[in-house]
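Q: Structure of the sequence below:
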Amino acid sequence: MNKYLFRGKIIFALPLLASFACSSGKKDTAAIHETPMVVTLSRPGESANTGIAVSGQVVAAQSANISTRIMGLITSVKVKPGDRVKKGQLLATISNEDILAKRAQADAMIAEAQSAVANARKDYDRFTALYSQQSATARELDNVTLQYNAARSRLEAASQVKKEVDAMLSYTALIAPFAGIVTQKTADAGSMANPGMPLLTIENAGSYEVSAFVPENLIDRVKEGMPADIMVKSVGKSIRGIVAQVNRSSQFTGGQYNIKLTIPKDETAGLYAGMYTNANIQVGAPASTPGGMNTVLVPASALVYKDQLTGIYTVSSRNTALLRWIRTGKSFEGNVEVLSGLGPDESFILRAEGKLYNGVPVVVK
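A: Numbers count the residues shown, from 1 in each chain. The predicted structure is shown next:
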């Protein structure tokens, strides 16, 4: 009985093994005959002049902090952030009753001085005539002349006091120095204005530039007039600018050197002060490396990201997709610098007609 049962088990197992072998063979055959994915290959681009990549912000080429030189109560603020203003437009007023009183005093001093000058002029003219007729002595003429000159000096002093008061009075009415947009308001009506304290900030909205910083090991390569490719990612705008200013001191910027890049006026549409930018300054090859070192560049769209790793698909010797991990560097207008993991003569998969994965058969288009 046991013998037959044993044989039955053996006999029962044989069909299973045959079925498994048959199924395995089908899968292998399917894997071998899987339809290859059509891919497009490309080779890394090379650049001997990738320039210097810097980050910065869009800033107004002209801005002004509106403040006053006198202390007084702010009586009105006629604008708010975002308002457009014209040149000469009244922005805010400060109490000026005390200054008006001083101007009235100056006017009274001028009137008094003018009367004294007129009276002294008559005496001077009369004694001059008497002296010419030898009816007055030279000493009398000298005294009258001194009195006349003193009266004229008092009139001049009173006039200068009036000018000083008028200048002080002008600081109680704050006006726009140029046409622009109000970007900041730091005080309201009823607050006390102090000399030099900014009350408003105005920026010229029609003229923008990029303020960026260059590290000390690269600043010697940056010169005024060099072209720069500016990318404003927030609005997807690419701009061709020029290095307009290079600050040769980093005393107040923490070891970074401030530079300014101009933005053409016809490219300012859609830009706002404060937007972050990336710029690539075309500085040419460094003097220490004649000819420059070629930089391997690949399109950013061809890269694969997984966790903290970056990879790119290549084609293996068996015509299958092979994911290769690489180390990347700076970005240049949609391209990424490859520091290691891909040589300049090696091909990579630029695009595929399907979803790539390791080991999938591929055929080059």
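Q: Please count neighbours and contacts with C-alpha atoms only from this point.
A: Will do.
Q: hmm, which helix or strand of this protein has the shakiest average pLDDT?
A: Ranked by mean pLDDT, DSSP states H and E, the weakest helix or strand in the chain is helix 2-32, scoring a mean of 41.
Q: What strands flank the next helix or strand after it, and is each parallel or antiparallel?
A: Reading on from helix 2-32 to the C-terminus, the next helix or strand found by DSSP states H and E is strand 37-42. Strand 37-42 pairs in its sheet with strand 348-352 (antiparallel), strand 362-364 (parallel), by DSSP bridges.
Q: distance between strand 37-42 and the chain's centre?
A: The chain centroid and the centroid of strand 37-42 are separated by 41 Å under C-alpha atoms, centre = their mean, to the nearest Å.
Q: same question, stretch 335-355
A: Worked out by C-alpha atoms, centre = their mean, stretch 335-355 lies 33 Å from the chain centre.
Q: Residues contacting it, please?
A: Contact with stretch 335-355 is made by 37-46, 295-302, 312-315, 324-331, as judged by C-alpha atoms under 8 Å, 6 or more residues apart in numbering.
Q: Mind checking which of these are in strands?
A: Judged by DSSP state E, the subset of those located in strands is 37-42, 45-46, 295-299, 312-315, 324-331.
Q: After the biggest helix by length in the chain, which helix or strand is next?
A: Looking across the chain with DSSP state H, the single longest helix is helix 97-132. Remark: after helix 97-132, the chain's next helix or strand is helix 138-170, criterion DSSP H and E.
Q: Could I get the buried residue list for the next helix or strand after that next one?
A: Next helix or strand after helix 138-170 toward the C-terminus (DSSP H and E): strand 173-175. Buried residues in strand 173-175, counted by 16 or more other C-alpha atoms under 10 Å: 173, 174, 175.
Q: For whichever helix or strand comes after strand 173-175, name the packing helices and strands.
A: Once strand 173-175 ends, the next helix or strand along the chain (criterion: DSSP H and E) is strand 180-185. In terms of contacts (3 or more C-alpha pairs under 8 Å, 6 or more residues apart in numbering; DSSP states H and E), strand 180-185 is packed against strand 84-85, strand 200-203.
Q: list the buried ones in strand 180-185?
A: Buried, per 16+ other C-alpha under 10 Å, within strand 180-185: 180, 181, 182, 183, 184, 185.
Q: Show me how far stretch 251-266 is from its chain's centre.
A: Centre to centre, stretch against its chain (C-alpha atoms, centre = their mean), the figure for stretch 251-266 is 8 Å.
Q: what is the mean pLDDT for it?
A: In this model, stretch 251-266 has a mean pLDDT of 89.
Q: before we move on, what about stretch 108-128?
A: Stretch 108-128 carries an average pLDDT of 94.
Q: Can you list the buried residues in it?
A: Within stretch 108-128, the residues scored as buried using 16+ other C-alpha under 10 Å are 109, 110, 113, 114, 116, 117, 120, 121, 123, 124, 127, 128.
Q: Can I get the residues you listed in CSV including distance to residue 307?
A: Output for these, formatted as CSV (distance: C-alpha to C-alpha, whole Å):
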residue, distance to residue 307
109, 83
110, 83
113, 87
114, 88
116, 92
117, 91
120, 96
121, 96
123, 101
124, 100
127, 105
128, 104
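Q: Next, give me the two most distant ones among the residues you listed.
A: 109 and 128 (27.9 Å; C-alpha to C-alpha).
Q: Now the two most distant members of the buried residues of strand 180-185.
A: Farthest-apart pair in the buried residues of strand 180-185 is 180 and 185; separation 14.2 Å (C-alpha to C-alpha).
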